[in-house]
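Student: Below is the sequence, then the predicted model.
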Amino acid sequence: MRHELNNDIWHPFRKAYGACDAPAFMALYSPDLIRAGGPAKEIVGYDAYAAQIDEWFSGVLERGSRIAIEFRFHERLVGADVASERGVFRIDTQRATGESRTFYGRFHVFARKSGGRWRIVADHDTDEGASEETFLAGTEVDDIG
């Protein structure tokens, strides 16, 4: 099941995020998404989150910047058609000027398998308590043992 989650969510997530491909990114989410936290610390649905992502990715591309995201897991609970996964993400940014920064955050997602495919139905993240140490303490995406 974790292999399916990786193929349906986590590998495409990294690819779409790095490419700033908003349609591919939003395809990873269920239309009835509940999104909480984030930089604005608010709760939004699919449409509002899609607008935020489109604006964020468009800005990154317009500035000539690059972004990449990596995940490490602290918990992966997977059933036949629902999953709860928690961990730490690392976002690496590089501006067109060459300046680079790294950001860390904690995430907790719930996913549901429907129509033979996993999608995120609830997504929460925060920067509280996230660091290089907590990131490295997690399990890599492809470590599905």
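Tutor: Good, I have the coordinates. From a predicted model like this one, the values you see are computed outputs, not experimental measurements. Numbers count the residues shown, from 1 in each chain.
Student: At which residues are the strands of this protein located?
Tutor: In the chain, the segments counted as strands under DSSP state E are 29-37, 42-44, 66-78, 82-94, 100-114, 117-126, 139-140.
Student: for those, which one sits closest to residue 15?
Tutor: Residue 15 lies closest to strand 66-78 among these, at 9.9 Å (CB to CB). Every C-beta, even on glycine, is put in place using the N, C-alpha and C of the backbone.
Student: Check which helices and strands that closest one sits against.
Tutor: Contacts defined by 3 or more CB pairs under 8 Å, 6 or more residues apart in numbering; DSSP states H and E place strand 66-78 against helix 2-5, helix 11-19, strand 82-94, helix 132-136, strand 139-140.
Student: Now render these as CSV, adding mean neighbour count, mean pLDDT and distance to residue 121.
Tutor: Formatted as CSV, the helices and strands packed on strand 66-78 follow (neighbours: other CB atoms under 10 Å; pLDDT from 0 to 100; distance: least, CB to CB, whole Å):
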stretch, mean neighbour count, mean pLDDT, distance to residue 121
helix 2-5, 16, 89, 13
helix 11-19, 17, 97, 14
strand 82-94, 18, 96, 9
helix 132-136, 13, 93, 25
strand 139-140, 13, 90, 22
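Student: need the ones you listed in CSV with distance to residue 67, can you?
Tutor: CSV is the format used below for those (distance: least, CB to CB, whole Å):
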stretch, distance to residue 67
helix 2-5, 22
helix 11-19, 6
strand 82-94, 5
helix 132-136, 16
strand 139-140, 20
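Student: Report the distance from stretch 16-25 to the chain centre.
Tutor: 11 Å (CA atoms, centre = their mean, to the nearest Å).
Student: Renumber starting at 12 from here on
Tutor: Happy to do that; since the first residue is 12 now, the last one works out to stretch 27-36.
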